[in-house]
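Novice: how does the following fold in three dimensions:
(one chain, ligands or ions: 7)
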Amino acid sequence: MAALFNLQIICTFLIIFSVTIQAQLSPDYYSYSCPEALDIVNNVVIEALTNETRLGASLLRLHFHDCFVNGCDASVLLDDNGTFIGEKTAFPNNNSLRGFHVVDVIKAQLEKACPNVVSCADILAIAARDSVFHLGGPTWEVQLGRRDSTTANRTAANLLIPAPSSNITVLTSNFANVGLTFEDLVALSGAHTIGFARCATFRQRIYGDFDISPSFAESLRSKCPREGNDTVLQGLDLKTPSHFDNLYYKNLLVKKGLLHSDQEIYNSNKADPIVRKFSRDVTKFYNSFSKAMIKMGDITPLTGTNGEIRRHCRRSNKKP
Ligand code: HEM
Ligand SMILES: *[C@@H]1O[C@H](CO)[C@@H](O)[C@H](O)[C@H]1NC(C)=O
Ligand SMILES: *[C@@H]1O[C@H](CO)[C@@H](O)[C@H](O)[C@H]1NC(C)=O
Ligand SMILES: *[C@@H]1O[C@H](CO)[C@@H](O)[C@H](O)[C@H]1NC(C)=O
Ligand SMILES: *[C@@H]1O[C@H](CO)[C@@H](O)[C@H](O)[C@H]1NC(C)=O
Ligand SMILES: *[C@@H]1O[C@H](CO)[C@@H](O)[C@H](O)[C@H]1NC(C)=O
Ligand SMILES: *[C@@H]1O[C@H](CO)[C@@H](O)[C@H](O)[C@H]1NC(C)=O
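Specialist: Ligands and ions are numbered 1, 2, ... in the order given. Here you go, the predicted structure:
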């Protein structure tokens, strides 16, 4: 009787345990099914950075824009076609997201090495991690096992991806919406220590924003005139846009954040002490950033039998 009772407890435990594992991501997800997966991604990321350093920033941003819309499911990678409208042409993404070619190169190599195994959503998570590391930033153990969506939602992308004009209240609620805290917001905004923004995204700020260094605003106005070329680029970190350091936070202390949303996190509010902490101590920034990236990568992934492993990242395997 006692033995039977024990067996029952063990079985219940095993069932709960297996359900838990199935729903969770793990760092060794491809250890048996595709042991070379991590090396393949890393090598292509290195090649991409050799081609163009900015691609590291572009790949990091792709993972962010993927995760904020229906979770990290590679929905952002689906191309529009005659019968399908996806997220690529949503307002925050159109003519702005880049790095899709790199993802295609990674996927092609993975399909050769281990067909139908590695998801596009996981490619984005690994490529983001490796990009940060090769640009001088921290590294972390990347969680794996996400599957790919068969669809996307442009309306949700327009609604859920924060805008550069957002104030701290809106930014906080955009992040809370996907389970990310205030400290996560401040840490993840540090991604803007690399990469570039188009004049269109900071023009409003340099002509009359209240919390910008006057000399900084002035220095950008000739580059980004009131009526000018929207696509002229400026580093998000004015000093080292190709190096993943903590200068982003130091810039904020002297009101030299490029985007209005950047400066909002150092603007006499409760984020100020966190910004000062990260500006003083790069290790604290790296630790918080790494933790927050793992959390962001864990936003409602598709697991088990949900979704699919796309054969090509730009389209679902599903035939219309
Ligand atoms: C906090 C809210 C955020 C806002 C409002 C925001 C907004 C923007 C904007 C407007 C740009 C320039 C786009 C363009 O001009 O085409 C940009 C670039 C970028 N964002 Fe963010 N972003 C935010 C958070 C994040 C997060 C959480 C990450 C990653 C963890 C990230 C990573 C990047 C990177 C790396 C770039 C440069 C991309 C490149 O050079 O290709 N951003 N962001
Ligand atoms: C690097 O550039 C070459 C030449 O344009 C291109 O063929 C290759 O696919 C690029 N590699 C990556 C990883 O983007
Ligand atoms: C996306 O950009 C293209 C090229 O600039 C433009 O023709 C198209 O109308 C834009 N799409 C949306 C949905 O705004
Ligand atoms: C797309 O997103 C919008 C806004 O979040 C939501 O109202 C709508 O139900 C979503 N559509 C689908 C098909 O899930
Ligand atoms: C922040 O922006 C939202 C949306 O534009 C607005 O409703 C709100 O009043 C603003 N909050 C503050 C404190 O300025
Ligand atoms: C606008 O600026 C971009 C980036 O500097 C450049 O490639 C493009 O040719 C410019 N367009 C015009 C019309 O000057
Ligand atoms: C259009 O894209 C959707 C989503 O990727 C895909 O399911 C469908 O097969 C595509 N249709 C065509 C005609 O390629």
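Novice: any idea which element residue 101 lies in?
Specialist: Using DSSP states H and E, residue 101 sits within helix 100-113.
Novice: other SSEs contacting that helix?
Specialist: Secondary-structure packing of helix 100-113 (3 or more CB pairs under 8 Å, 6 or more residues apart in numbering; DSSP states H and E): helix 37-51, helix 55-67, helix 120-134. C-betas here are computed from N, CA, C, even on glycine.
Novice: residue in the stretch 1-150 of the chain nearest to ligand 4?
Specialist: Ligand 4 sits closest to residue 70 of the stretch 1-150 of the chain, with a gap of 7.7 Å, by CB to the nearest ligand atom.
Novice: still on that earlier bit, tabulate the helices and strands packed on helix 100-113 (JSON lines), appending mean neighbour count.
Specialist: What follows is these, written out as JSON lines (neighbours: other CB atoms under 10 Å):
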{"stretch": "helix 37-51", "mean neighbour count": "18"}
{"stretch": "helix 55-67", "mean neighbour count": "25"}
{"stretch": "helix 120-134", "mean neighbour count": "26"}
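Novice: relative to residue 78, which of these is closest?
Specialist: helix 120-134 (9.3 Å; CB to CB).
Novice: is ligand 4 contacted by the next helix or strand after that closest one?
Specialist: Later in the chain than helix 120-134, the nearest helix or strand by DSSP H and E is helix 154-160. Yes. Contact of helix 154-160 with ligand 4 (CB under 6 Å from any ligand atom) involves 155, 156, 159.
Novice: chain center to helix 154-160, what's the gap?
Specialist: Put simply, helix 154-160 sits 16 Å off its chain's centre (CA atoms, centre = their mean, to the nearest Å).
Novice: mind listing residues that contact the next helix or strand after that helix?
Specialist: Going down the chain from helix 154-160, the next helix or strand is helix 168-176, by DSSP H and E. Here helix 168-176 makes contact (CB atoms under 8 Å, 6 or more residues apart in numbering) with 68, 160-163, 166, 181-182, 184-185, 188, 261, 264-265, 267, 269, 271.
Novice: if you set the cut-off to 7 Å instead, what comes out?
Specialist: Helix 168-176 has contacts (CB atoms under 7 Å, 6 or more residues apart in numbering) with 160, 162, 182, 184, 185, 261, 264, 265, 267, 269, 271.
Novice: would you reformat the residues you listed as CSV and include secondary structure and neighbour count?
Specialist: Formatted as CSV, the contacts of helix 168-176 follow (DSSP: H, G, I helix; E, B strand; the rest coil; neighbours: other CB atoms under 10 Å):
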residue, secondary structure, neighbour count
160, helix, 17
162, coil, 20
182, helix, 17
184, helix, 20
185, helix, 22
261, helix, 23
264, helix, 24
265, coil, 24
267, coil, 18
269, coil, 15
271, coil, 21
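Novice: wait, which of the residues you listed is closest to residue 202?
Specialist: Nearest to residue 202 out of the contacts of helix 168-176 is residue 261 (CB to CB; 10.0 Å).
Novice: ok, which of the helices and strands packed on helix 100-113 comes nearest residue 235?
Specialist: The closest of the helices and strands packed on helix 100-113 to residue 235 is helix 55-67. By CB to CB, the value is 9.6 Å.
Novice: what's the closest non-adjacent residue to the residue in the stretch 151-300 of the chain positioned nearest to ligand 1?
Specialist: Of all residues in the stretch 151-300 of the chain, residue 195 sits closest to ligand 1, at 2.4 Å by CB to the nearest ligand atom. Spatial nearest neighbour of residue 195, excluding adjacent residues (CB to CB, 6 or more residues apart in numbering): residue 57 at 2.8 Å.
Novice: and for residue 224?
Specialist: Nearest non-adjacent residue to residue 224, counting by CB to CB, 6+ apart: residue 199, 3.7 Å away.
Novice: what's the separation between the one you found and residue 55?
Specialist: Relative to residue 55, residue 199 is positioned 21 Å away (CB to CB, to the nearest Å).
Novice: before we move on, back to that, dump the residues of helix 154-160 next to ligand 4 to TSV, plus neighbour count.
Specialist: Formatted as TSV, the residues of helix 154-160 next to ligand 4 follow (neighbours: other CB under 10 Å):
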residue	neighbour count
155	11
156	15
159	14
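Novice: make TSV out of the residues you listed and add distance to residue 100 and pLDDT.
Specialist: Shown next, in TSV, are the residues of helix 154-160 next to ligand 4 (distance: CB to CB, whole Å; pLDDT from 0 to 100):
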residue	distance to residue 100	pLDDT
155	21	98
156	20	98
159	23	97
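Novice: closest one of those to residue 320?
Specialist: Nearest to residue 320 among the residues of helix 154-160 next to ligand 4: residue 155, at 20.7 Å, using CB to CB.
Novice: tabulate the contacts of helix 168-176 in TSV, adding columns for pLDDT.
Specialist: Shown next, in TSV, are those (pLDDT from 0 to 100):
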residue	pLDDT
160	98
162	98
182	94
184	98
185	97
261	98
264	96
265	96
267	89
269	84
271	84
